[in-house]
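In: How does the following fold in three dimensions:
(one chain, ligands or ions: 1)
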Amino acid sequence: MRALRTTSADITPAQAARCAAETHGLDGEPSNLDGERDQNFSLLTSSGARHVLKFVDPADSGAAAVQAAVLRHIASRDPGLPVPRILPARSGADHVRVSIAGVSRELLVIGHLAGRRWPATGAPTPSFADLGALLARLDRALEGFFDPALARELAWDVRRLPSLAAFAGEIEDSRARDAVSDAAAAFERRLNVLNGLRSQAIHGDCHAGNLLVDDTGTAVSGILDFGDMIHAPLVLEPAVSMAEGLSEGIARIGDLAALIGGFARELKLQSAEVDCLFDVIRARLAITILVQAWRRRHDPAGAGALARAAPRAEEALHRLCDAGEAALTASWHEAAGTLPARAALRKRRARFLGAGAELFYREPLQLVRGADVWMFDADGRRYLDVYNNVPHVGHAHPAVVEAIRRQAATLATNTRYLHEAILDYAEQLTSRLPAGLDACLFVNSGSEANDIAWRIAQTATGRRGALIMEHAYHGITDAVTALTPAAGGAGDPRVETLRAPDEAPDLERALAALTGRGLAPAAFFLDSALTSNGILDPRPAWAAQLGAGVRASGALVVADEVQYGLGRSGSHFWGFARRGLEPDIVTLGKPVGNGFPLGVVITRRALLEEFQARCAVFSTFGGNAVAAAAGLAVLEVLERERLMENAQTTGAYFLAKLRELVSRHRAFSAARGAGLLLGLEVVDDLGRPSKPRAQRIVDALAARHGVLTGLDGPGGNVLKLRPPMTFKREHADLAAEAIDAVASAADAAAEPA
Ligand SMILES: Cc1ncc(COP(=O)(O)O)c(C=O)c1O
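Out: As a prediction, the model looks like this:
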């Protein structure tokens, strides 16, 4: 392959002088110039003119003709571009054939361009935006130039990476070797797309060593060396220049956007071209490392030429990967003005919702439609929803949609007027609860429900202390945040946390700690699903014992059913019943409105009335007629479609499948849960909880298999599988197959952390 091996400089200045005199009538003493394959001399004639004699690599037959034709083409298309001009031979030809020591060579004489080398770091340099713009101008001038010789195979052409990758074994440093192999694999996956992009003649090697700058150092005054020109995808031009800037140590990763922006200013880039940049830049850096590794063994003199570039290329490759493809590509799209619709949406979102607004998945989804257990993105791709419990009876269930539509079309008002729907709903709810839990207060979210429950408990007991589980999540209001160590609420002096189930009960310690601070507990809050504890499913004895102890302490028991209510466990309609807990207050949220905002507090009538007597509680939207219609419809569908039963049978089937996966994959250590709330614990190769691996699995499930899951648990390493209650065996099969495939890849990518 051409250019892998350098060509030795075998022409002497005297031989060069003789040729120049014979063919071009030039006198003067030539001096050697750099050149990896062509051998170049600078010649100052007695008349004061300076020329460059280019003896083209004999292996590159016909190259002189191509270079001459290119330079003429550029000069005619954009005469202002600082490229060398050709000095014709005495015969009038642009290039001539000479014989030196019996070897036939092609000679091309070009005008010397004024300027000096790219300035050292610290000194003023041309801006990367201007450099990008100049490259684009050059490519505009090159457009339409065609010569079959440009289809040649050059080692430096990134498209040769897949064959060069065979030399990866010659790279000594294992991290660099892995990075190069990753780059080669990613590039190979990209190659089809790359080959489909617009192509033309490009310079292909516009790095600082091939550029001259003016006296100020800030403007490019010369573009040299058209010996590596190829016919290739246009995007290779800026990509190669960017990669070379990194390995020459003149550019930082942050400069790449400026170069792309400058390029796009002169020649509009296509979105698909920008998408390829990351892989192409990585590929060029990988090639520098590979060529150096190969030459170290087979061409030591040539390796010397890369002695500084190769380590820098290695470092740049690692830095590029650390910065991440998604973030860099987004910044390049922004610079090029090619932000794809989804990226533009993300940018707009960050602007209006704040950069900290959480998004799921490495490649966030733009979901536009849901139906049953499926969601669809803006491109029409279908995703199996194994995560969302809010659409309890399935996305956009027709019965719920119709109930909401009908009521919204009739009347949407609040609970300060007499209205039957909210009473029907309260009746339906309380009829499903243990006797005594007979009065409801309606709000709009789980957080509000817990906030009110907390106030009721404090009013009823006259106490201010609270007991919660460690890592608990109960919501986002100021009061409830104090009960939510899982989201920044740790450390409130009124709150004591209890250890997760199946460890020795530590209620006594918690009560003593509260007493020590002059407090007594008003309430014990329990998410009956124990979701943020890692989706634990302890024996009923655990909660029953705890509940009895809490009650004995005089505190109220609040069952937070936001996750587990309405039959999700499959075995019980209420999570607290599965736990063996007897609550004083029950709070509901998420699933009850199937997506329509609705939260409920249910307690004993005496407790509610005592609270109402002390505080005027009214929520404008809480319990509005439309919410009531939604809530009623959900209960009806649950029963009609026997969804609790489905949760039990499908859940058991799914759990068995997950347990089978645990037995086969070292990425998993346990599967647990009940009904349609299951957890799959992800570990590293040493069996330790691994959030990064879990995150990669979740991302891959979404991106590659269209299977939506999430993460939870104290270590953030438990796959949360919590689909709509209409999830069936065939869906469990699809999800398990996808998890199996992703886990096989995770197992193969061994990682100790
Ligand atoms: C157990 C539990 N309680 C309360 C909440 C808060 O509900 P909302 O987000 O509707 O305020 C959540 C939400 O995730 C929850 O999981």
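
In: what about residue 64, distance to residue 70?
Out: Going from residue 64 to residue 70 by CB to CB, to the nearest Å gives 11 Å. In this view, the C-beta of every residue, glycine as well, is placed from N, C-alpha and C.

In: Who has more neighbours out of the two?
Out: Taking other CB atoms under 10 Å, residue 64 and residue 70 do not tie; residue 64 has more neighbours (24 against 21).

In: Please name the residues that touch the more buried one.
Out: 54, 56, 94-95, 106-108 (CB atoms under 8 Å, 6 or more residues apart in numbering).

In: does it belong to a helix or a strand, and which?
Out: Following DSSP states H and E, one finds residue 64 within helix 63-77.

In: how about the nearest residue to residue 72, chain neighbours excluded?
Out: Nearest residue to residue 72 in three dimensions, chain neighbours excluded: residue 86, at 6.7 Å (CB to CB, 6 or more residues apart in numbering).

In: Run a quick neighbour tally on that neighbour.
Out: As a burial measure, residue 86 scores 18 neighbours (other CB under 10 Å).

In: So that it lines up with my notes, have the first residue be 733 from now on.
Out: Sure thing, new numbering starts at 733, so read that last one as residue 818.

In: wait, isn't it in contact with residue 839?
Out: No - using CB atoms under 8 Å, residue 818 makes no contact with residue 839, being 11.6 Å away.

In: Which single residue of the stretch 933-1082 of the chain ends up nearest the ligand?
Out: Here the stretch 933-1082 of the chain gets closest to the ligand at one residue, residue 1081, 19.2 Å apart by CB to the nearest ligand atom.

In: How much space separates residue 1109 from the ligand?
Out: Residue 1109 sits 24 Å away from the ligand, going by CB to the nearest ligand atom, to the nearest Å.

In: wouldn't that residue be in contact with residue 1102 here?
Out: No - using CB under 8 Å, residue 1109 is not in contact with residue 1102; the gap is 10.8 Å.

In: okay, the two: which has more neighbours?
Out: residue 1102 (19 against 15).

In: OK, contacts around residue 1081?
Out: Here residue 1081 is in contact with 1089, 1091 (CB under 8 Å, 6+ apart).

In: what do you get if the cut-off is 7 Å, keeping everything else the same?
Out: Taking CB atoms under 7 Å, 6 or more residues apart in numbering, we find residue 1081 in contact with residue 1089.

In: Pull the residues that contact stretch 979-995.
Out: 850, 853, 857, 859-865, 867-868, 939-940, 970, 973-974, 977, 1001, 1017, 1020, 1041, 1044-1045, 1048, 1051-1052, 1055, 1063-1064, 1067-1068.

In: cool, stretch 1258-1277 as well?
Out: Stretch 1258-1277 has contacts (CB under 7 Å, 6+ apart) with 1201, 1203-1205, 1218, 1232-1234, 1237, 1291-1293, 1295-1296, 1307-1308, 1311-1313, 1404-1406, 1409-1411, 1444-1446, 1450, 1452.

In: Who does whatever residue of the stretch 1383-1485 of the chain ends up closest to the ligand form a beta bridge with?
Out: Taking CB to the nearest ligand atom as the measure, the point where the stretch 1383-1485 of the chain comes nearest the ligand is residue 1444, at 9.2 Å. Beta-bridge pairing for residue 1444 (DSSP bridges): residue 1450.

In: Which of the contacts of stretch 1258-1277 fall within strands?
Out: When DSSP state E defines the strands, the subset of the contacts of stretch 1258-1277 inside them is 1201, 1291-1292, 1404-1406, 1409-1411, 1444, 1450, 1452.

In: Now tabulate those residues in TSV and tack on neighbour count and pLDDT.
Out: Below are those laid out as TSV (neighbours: other CB atoms under 10 Å; pLDDT from 0 to 100):
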residue	neighbour count	pLDDT
1201	25	96
1291	31	98
1292	33	98
1404	18	98
1405	27	98
1406	22	98
1409	25	98
1410	25	98
1411	28	98
1444	23	97
1450	29	98
1452	23	98
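
In: among the residues you listed, which two are most distant?
Out: Using CB to CB, the ones in strands among the contacts of stretch 1258-1277 reach their maximum pairwise distance at 1291 and 1450, which is 22.0 Å.

In: Low-confidence bits of the stretch 1383-1485 of the chain, can you list those?
Out: Residue ranges of the stretch 1383-1485 of the chain with pLDDT under 70: 1482-1485.

In: Now with 50, please.
Out: 1484-1485 (pLDDT under 50).

In: So which residues of it form helices?
Out: Shown for the stretch 1383-1485 of the chain, the helices assigned by DSSP state H, counting those that start in this stretch span residues 1423-1437, 1461-1480.

In: So which of these is nearest residue 1361?
Out: helix 1461-1480 (28.3 Å).

In: Show me what the closest one packs onto, helices and strands only.
Out: Under the contact criterion of 3 or more CB pairs under 7 Å, 6 or more residues apart in numbering; DSSP states H and E, helix 1461-1480 touches strand 1114-1117, helix 1375-1396, helix 1423-1437.

In: Show me which positions of that helix end up buried.
Out: 1463-1464, 1466-1468, 1470-1471, 1474-1475, 1478 (16 or more other CB atoms under 10 Å).

In: Between these, which sits nearest residue 912?
Out: The shortest gap between residue 912 and any of the buried residues of helix 1461-1480 belongs to residue 1478, at 22.2 Å (CB to CB).

In: out of everything not next to it in sequence, what's closest to that closest one?
Out: Computed as CB to CB, 6+ apart, the closest residue to residue 1478 that is not its neighbour in sequence is residue 1399, at 4.2 Å.

In: In this protein, where is pLDDT below threshold?
Out: 1484-1485.

In: Break it into its domains for me.
Out: Using automatic domain parsing, the domain parsing of the chain gives 745-843, 860-1068, 1100-1107+1115-1121+1375-1480, 1130-1372.

In: For those domains, give me CSV that also has distance to residue 1077.
Out: As requested, the domains of the chain are exported to CSV (distance: least, CB to CB, whole Å):
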stretch, distance to residue 1077
domain 745-843, 38
domain 860-1068, 11
domain 1100-1107+1115-1121+1375-1480, 11
domain 1130-1372, 21
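
In: For residue 1085, find the nearest of the ones you listed.
Out: So among the domains of the chain, domain 1130-1372 is nearest, using CB to CB, at 15.2 Å.

In: From the opening residue of that closest one to its closing one, how far?
Out: Criterion CA to CA, to the nearest Å; first-to-last residue distance in domain 1130-1372 is 13 Å.

In: what's the spacing between that domain and its chain's center?
Out: Relative to its chain's centre, domain 1130-1372 lies at 36 Å (CA atoms, centre = their mean, to the nearest Å).

In: do the same with stretch 913-922
Out: Taking the mean of its C-alpha atoms, stretch 913-922 sits 17 Å from the chain's own mean (CA atoms, centre = their mean).

In: got the buried residues for that stretch?
Out: With burial defined by 16+ other CB under 10 Å, the residues of stretch 913-922 counted as buried are 915-916, 918-919, 922.

In: Show me which of the residues you listed is closest to residue 898.
Out: Nearest to residue 898, judged by CB to CB, of those is residue 916 at 9.4 Å.

In: Remind me which helix or strand the closest one belongs to.
Out: Counting by DSSP H and E, the element that carries residue 916 is helix 906-927.

In: Identify the residues contacting the residue lying closest to residue 1429 once chain neighbours are set aside.
Out: Excluding the flanking residues, the one nearest residue 1429 by CB to CB, 6+ apart is residue 1474, at 5.2 Å. Counting by CB under 7 Å, 6+ apart, residue 1474 makes contact with 1429, 1432-1433, 1437.
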